[in-house]
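K.L.:
what follows is a predicted structure for the sequence shown.
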Amino acid sequence: MNAKIHWESVYDSKAPEAVSWYAPHLRESLRYVDRAAAHKGVAVIDVGGGESTLVDDLLASGYGDVTVLDISAIALEVTRRRLGQLARRVRWLVADVLEAELAPAAYDIWHDRAVFHFLTSDAQRRRYVAQVSKTLRPGGHAIVATFGPEGPGMCSGLPVSRYSPEELHSTFGEHFQLLDHSVELHSTPSGSRQQFVYCLFRRSSE
């Protein structure tokens, strides 16, 4: 089963509030976006945004240039319906982040909560970092949240990689400066706890 078929099946079979990564509000994500944003007109892309409520909160906070990318058309349609007329203010991209044709230097902020840890090969990780490097403007920021060292080893039937802040920084490389990091204990809808590590990176100006 390829990645698109897998994730379409997940979103088709579960309600938005039933997936393990669901949260009513991604407060830690929004806190880092607010910290990285020079103003509300910055261009933000939420990678793997799917049915996440981050886009709702970004719009409510006044951000006016928001893109949501996800491999699942089903997930994005759920979010569009939830937003109603506000959905017209968002760019929607149905694509695999590793294969997406993203414009160079198009975004000031790249946000990813719970995509990167599904990339379990070096080739996938290199392709992802190349996409971030290409798509972020010089001096732009990447906010990446993955399972931490004490997080689960599997999610949605797939193996995942787990990272400390130092390991995640090493994976991104010297062209990204680690500005800050934090640990979040996420409560899943089933009541279990998952350790997430958040890292805030700044892309070099070179």
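P.N.:
Great, that's in hand. Note that the structure is predicted; figures quoted are calculated from it, not measured.
K.L.:
hang on, residue 164 packs against residue 195?
P.N.:
No. Using CB atoms under 8 Å, residue 164 is not in contact with residue 195; the gap is 10.5 Å. (Each C-beta comes from the backbone N, C-alpha and C, glycine too.)
K.L.:
overlap in contacts of these two?
P.N.:
148-149 (CB atoms under 8 Å, 6 or more residues apart in numbering).
K.L.:
any idea how far residue 166 lies from residue 12?
P.N.:
38 Å (CB to CB, to the nearest Å).
K.L.:
whoops, residue 142 was the one
P.N.:
Distance from residue 142 to residue 12, by CB to CB: 30 Å.
K.L.:
out of the two, which sits in the busier spot?
P.N.:
Set residue 142 next to residue 12 and count neighbours by other CB atoms under 10 Å: residue 142 wins out with 26 against 10.
K.L.:
which of the helices or strands spans that one?
P.N.:
Following DSSP states H and E, one finds residue 142 within strand 136-147.
K.L.:
any buried residues in that strand, and which?
P.N.:
Across strand 136-147, burial judged by 16 or more other CB atoms under 10 Å covers 136-137, 140-147.
K.L.:
what angle sits between the strand or helix carrying residue 177 and strand 136-147?
P.N.:
Here residue 177 sits within strand 176-187, counting by DSSP H and E. Angle, strand 176-187 to strand 136-147, by axes from the mean of the first three to the mean of the last three CA atoms, to 10 degrees: 30 degrees.
K.L.:
let me know the next secondary structure element after strand 176-187.
P.N.:
Next helix or strand after strand 176-187 toward the C-terminus (DSSP H and E): strand 193-203.
K.L.:
report the mean confidence score over that next one.
P.N.:
Strand 193-203 carries an average pLDDT of 96.
K.L.:
buried by neighbour count: which residues of that strand qualify?
P.N.:
194-203.
K.L.:
ok, that strand: who's next to it in the sheet?
P.N.:
With DSSP bridges as the test, strand 193-203 is paired with strand 136-147 (antiparallel), strand 176-187 (antiparallel).
K.L.:
distance to residue 155 and mean pLDDT for the ones you listed - can I get that in JSON lines?
P.N.:
As requested, the strands paired with strand 193-203 are arranged in JSON lines below (distance: least, CB to CB, whole Å; pLDDT from 0 to 100):
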{"stretch": "strand 136-147", "distance to residue 155": "7", "mean pLDDT": "97"}
{"stretch": "strand 176-187", "distance to residue 155": "11", "mean pLDDT": "96"}
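K.L.:
need the ones you listed in JSON lines (columns: distance to residue 2).
P.N.:
Formatted as JSON lines, the strands paired with strand 193-203 follow (distance: least, CB to CB, whole Å):
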{"stretch": "strand 136-147", "distance to residue 2": "22"}
{"stretch": "strand 176-187", "distance to residue 2": "27"}
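K.L.:
quick one: closest of those to residue 22.
P.N.:
Of all those, strand 176-187 sits nearest to residue 22, with 9.3 Å by CB to CB.
K.L.:
who's in contact with the closest one?
P.N.:
21, 23, 28, 32, 35, 132, 141-142, 145, 148, 165, 169, 193-204.
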